[in-house]
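> Build me a model:
(one chain, ligands or ions: 2)
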Amino acid sequence: MYNEMNLDKIDINLEPPTEEPARQYFFMAKCRAWVKEYEKNHNYLPSACVVNMGCQMNARDSEKLLGVLRAVGYQITDSEEADFVIYNTCTVRENANLKVYGRLGFLKTRKKKNPNMKIALCGCMMQEPVVVEKIKASYRFVDIIFGTHNIYKLAELIYENIVSKQMIVDIWESTDRIVEELPNKRKYPFKSGVNIMFGCNNFCSYCIVPYVRGRERSREPQDILREIRDLAADGVVEIMLLGQNVNSYGKSLKEPISFAELLRQCAQIEGIERIRFMTPHPKDLSEELIDVIKSSKKICKQIHLPLQSGSSRILKQMNRRYTKEQYLSLVERIRAAIPEVSLTTDIIVGFPGETEEDFEETLDVVRAVQFDSAFTFIYSKRTGTPAAEMEDQVPEEVVKVRFDRLLKEIQQISSKLTKQGVGKTEQVLVEEINAQSPELVTGRLENNLLVHFPGDASYIGQLVPVTLTEAKGFYYLGECVR
Ligand code: 5AD
Ligand code: SF4
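Ligands and ions are numbered 1, 2, ... in the order given. Predicted coordinates for the structure are as follows:
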């Protein structure tokens, strides 16, 4: 495996190779020599920390960054007191950006105490030119800035910074390349995200993602399947296939393949017990996909199906390319095929022009579908998106009231549905010792809900049958019946 590649065998006095990933392994070896030297001079091994601020895609990127840092020889830590701190940023909503500036202030004081400290910023927020200009002007203590298209270059960028002692800024506007076979360090030994595609072509009018993650690019199925086989061999039992719209996976490959077919092939891999995926767009979720989910034991009967709004008028303004009726009919078809399916969603409140009637339509869909859970967001204006230019931005006070009404409705439904699970015995993948009560372990059901039950560290990473004894709104208490 790439994680076990012996960097000490690379001759770092040669010229760097031009092809990837050999070039990055060369720079990892260079940086590793530097880290060893640092350890000799300071009498301790420098530590590194990656702070993940975004979605699952972002979390998987962080694992790749950690893989490089570990190969380079850094001691990996969760603490921002580290000698090297990387913020992997998100920019989907304005407050994600504000948080980064706030935390940079904290890092500035830390760097004053430890002048050897390095700070890097990467991820979606760095793909916005105004952000990079602001950091270059007002946050001069940042050492490295890179984006979403070149995270694989971390080792090379660290090395450039070591040599030049200058702020390194490397942002690409787009890319058509996918570099395979780089190291990564998983957060959980037993489960992992797997990128199947990058970027997005949908251009929902509120969303900044297509601008910061670029156009859709699918990985070759054989690369994905090989990665999953390697993960299974390394003890992974659950995978989450990741893409901005998994339904369009494979369409632009030289040999096109559907997402449903990819899922079918993933389900054949021995050792993988659970398969999840995120996110399918309601506009093009195929019958073939419903069929595959229905017929495979390994594919979790849980679908995250972002609604965004229940008003066909607002959906049109959002450029979602489905109506309220089409969404409801899709839900009906899914439920007819897979009656036990758990449906979850994302909803935005306060999109420009949203009236009380539009909002009532959203509540109507929420009641009709009975989502197991929903992520609710207050619309955030993202400069550069078409919605930011729209008139009729909804006043904050109105949005807040609607948001609270929606939340209440969703919580009532979730808690009612959770109660219906009490008494059932279901498979739980155990994730960790419970932080508050160490005599309990915490795991996830097929529908992704959390369950706490008595157990010890030997359960971690195992799928065990648990009887759900008590519903607590969004989670359960249970008893293992193994
Ligand atoms: N404002 C609020 N929420 C947004 N999302 C995406 N863009 C915005 C925005 N500008 C939400 C959508 C998406 C989720 C990941 O984030 O609901 O599904
Ligand atoms: Fe994920 Fe989008 Fe945030 Fe990027 S901007 S981290 S793709 S949610």
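
> Every contact and neighbour count from this point should use C-alpha atoms.
Will do.

> can you tell me the average pLDDT over the helix or strand that contains Ile314?
Assigned by DSSP states H and E, Ile314 belongs to helix 312-317. Mean per-residue pLDDT for helix 312-317: 98.

> For that helix, give me every contacting residue.
For helix 312-317, the external contacting residues (Cα atoms under 8 Å, 6 or more residues apart in numbering) are Ser205, Gln308, Ser309, Arg321, Tyr322, Thr323, Lys324, Phe351, Gly353, Glu354, Asp358.

> now for the host helix or strand of Glu288, which elements pack on it?
Counting by DSSP H and E, the element that carries Glu288 is helix 287-295. For helix 287-295, the elements it packs on are helix 259-267, helix 324-337, judged by 3 or more Cα pairs under 8 Å, 6 or more residues apart in numbering; DSSP states H and E.

> Same list as before, those that is, but in a markdown table and with distance to Gln24 included.
Shown next, in a markdown table, are the helices and strands packed on helix 287-295 (distance: least, Cα to Cα, whole Å):
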| stretch | distance to Gln24 |
| --- | --- |
| helix 259-267 | 29 |
| helix 324-337 | 45 |
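
> These: which one's closest to Asn201?
helix 259-267 (16.1 Å; Cα to Cα).

> and that closest one, what does it pack onto?
Using 3+ Cα pairs under 8 Å, 6+ apart: helix 259-267 touches helix 221-233, helix 287-295.

> Save these as TSV, and put in mean neighbour count too.
Shown next, in TSV, are the helices and strands packed on helix 259-267 (neighbours: other Cα atoms under 10 Å):
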stretch	mean neighbour count
helix 221-233	17
helix 287-295	17
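
> wait, which of these is closest to Asn95?
Closest to Asn95 of the helices and strands packed on helix 259-267 is helix 221-233 (Cα to Cα; 33.9 Å).

> got the CA coordinates for the closest one in CSV?
The C-alpha trace of helix 221-233 is given here as CSV (Å, rounded to 0.1, in the frame of the first residue of the first chain):
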residue,chain,number,x,y,z
PRO,A,221,-14.2,2.6,-11.7
GLN,A,222,-11.2,0.3,-11.5
ASP,A,223,-9.3,3.0,-9.4
ILE,A,224,-12.3,3.2,-7.0
LEU,A,225,-12.8,-0.5,-6.7
ARG,A,226,-9.1,-1.0,-6.1
GLU,A,227,-9.1,1.6,-3.3
ILE,A,228,-12.1,-0.1,-1.7
ARG,A,229,-10.5,-3.6,-1.9
ASP,A,230,-7.4,-2.1,-0.3
LEU,A,231,-9.5,-0.5,2.4
ALA,A,232,-11.3,-3.8,3.1
ALA,A,233,-7.9,-5.6,3.4
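
> and the next helix or strand after it, what's its mean pLDDT?
Sequence-wise, the next helix or strand downstream of helix 221-233 (DSSP H and E) is strand 238-242. The pLDDT scores in strand 238-242 average 98.

> Same question for stretch 256-263.
Throughout stretch 256-263, pLDDT has a mean value of 98.

> again with stretch 130-147
Stretch 130-147 comes out at a mean pLDDT of 97.

> Am I right that Val85 is in contact with Asn116?
No. In this structure, Val85 is not within contact of Asn116 by Cα atoms under 8 Å, at 11.6 Å.

> neighbour-wise, which of these two wins?
Between Val85 and Asn116, Val85 has the larger neighbour count (other Cα atoms under 10 Å), namely 22 against 11.

> and the more buried one, what is it in contact with?
Ala48, Cys49, Val50, Val51, Lys118, Ile119, Ala120.

> how many neighbours does the fifth one have?
In other words, Lys118. Residues lying near Lys118 (other Cα under 10 Å) number 21.

> Report pLDDT for it.
pLDDT at Lys118 comes out at 97.

> That one against Val142, yeah?
Yes. Between Lys118 and Val142 there is a contact under Cα under 8 Å: 7.4 Å.

> re earlier: and of the contacts of helix 312-317, the nearest to Thr425?
When the contacts of helix 312-317 are compared for distance to Thr425 (Cα to Cα), Gln308 wins out at 33.1 Å.

> With adjacent residues omitted, what lies nearest to the closest one?
Ile347 (3.9 Å; Cα to Cα, 6 or more residues apart in numbering).

> Show me how far the helix or strand that neighbour falls within is from its chain's centre.
Element membership for Ile347, per DSSP H and E: strand 342-349. Chain-centre distance of strand 342-349: 16 Å, with Cα atoms, centre = their mean, to the nearest Å.

> looking just at contacts, which helices and strands does that strand meet?
strand 302-304, strand 373-378, helix 396-420.

> Tell me which of these approaches ligand 2 most closely.
Ligand 2 lies closest to strand 373-378 among the helices and strands packed on strand 342-349, at 12.1 Å (Cα to the nearest ligand atom).
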